[in-house]
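One predicted model, sequence on top.
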Amino acid sequence: MEISTVNYLGNLSTECTHKSGSKIITDAPIDNFGKGAAFSPTDLMATSLASCFITIVGIYCQQHNIPFEHCSAKVEKIMSSAPRKIARINIRFDFSGNNWDDITLKKAIAAGKTCPVHLTLEGNVEIEYIFS
């Protein structure tokens, strides 16, 4: 099933349209001939990891009647040059607004690590999660 279309806009930029009509513009990063005016494709991949992780935590919490009101993540992407690819993704999660005990936090984290993006990248990209 087709999920999206991607059209080249020129100047190393694309417009990605989801089947729902939602759109994302991408731009090549400054260190790779772009303007850095929007997410780069590799920025989207790294950001998708954080988004997927949080979504799976949300599903876990819904299924276990655990209140889940707050989470934010700061994403860092580190590229390698030969070949040019994502070498490492560091994500700092803040779950502090949920008032979870240590056991609940550990279970939520374990659930998040089963997200499809993590499972796809695991073994190909170094991933570090930091939790607070």
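Yep, that arrived.

Please enumerate the strands of the chain.
4-10, 13-18, 23-27, 72-81, 84-94, 126-131 (DSSP state E).

Any chance of a markdown table for those strands, columns mean neighbour count, mean pLDDT and distance to Leu44?
All C-beta spots, glycine's among them, are computed from the backbone N, C-alpha and C. Shown next, in a markdown table, are the strands of the chain (neighbours: other C-beta atoms under 10 Å; pLDDT from 0 to 100; distance: least, C-beta to C-beta, whole Å):
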| stretch | mean neighbour count | mean pLDDT | distance to Leu44 |
| --- | --- | --- | --- |
| strand 4-10 | 10 | 96 | 11 |
| strand 13-18 | 14 | 96 | 8 |
| strand 23-27 | 15 | 96 | 7 |
| strand 72-81 | 14 | 96 | 10 |
| strand 84-94 | 16 | 97 | 11 |
| strand 126-131 | 14 | 97 | 16 |
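
Out of those strands, which gets nearest to Ser40?
Distance to Ser40, taken as C-beta to C-beta, is lowest for strand 23-27 among the strands of the chain, at 6.1 Å.

Run through who's touching the closest one.
Residues outside strand 23-27 that contact it (C-beta atoms under 8 Å, 6 or more residues apart in numbering) are 9, 11-18, 34-41, 44.
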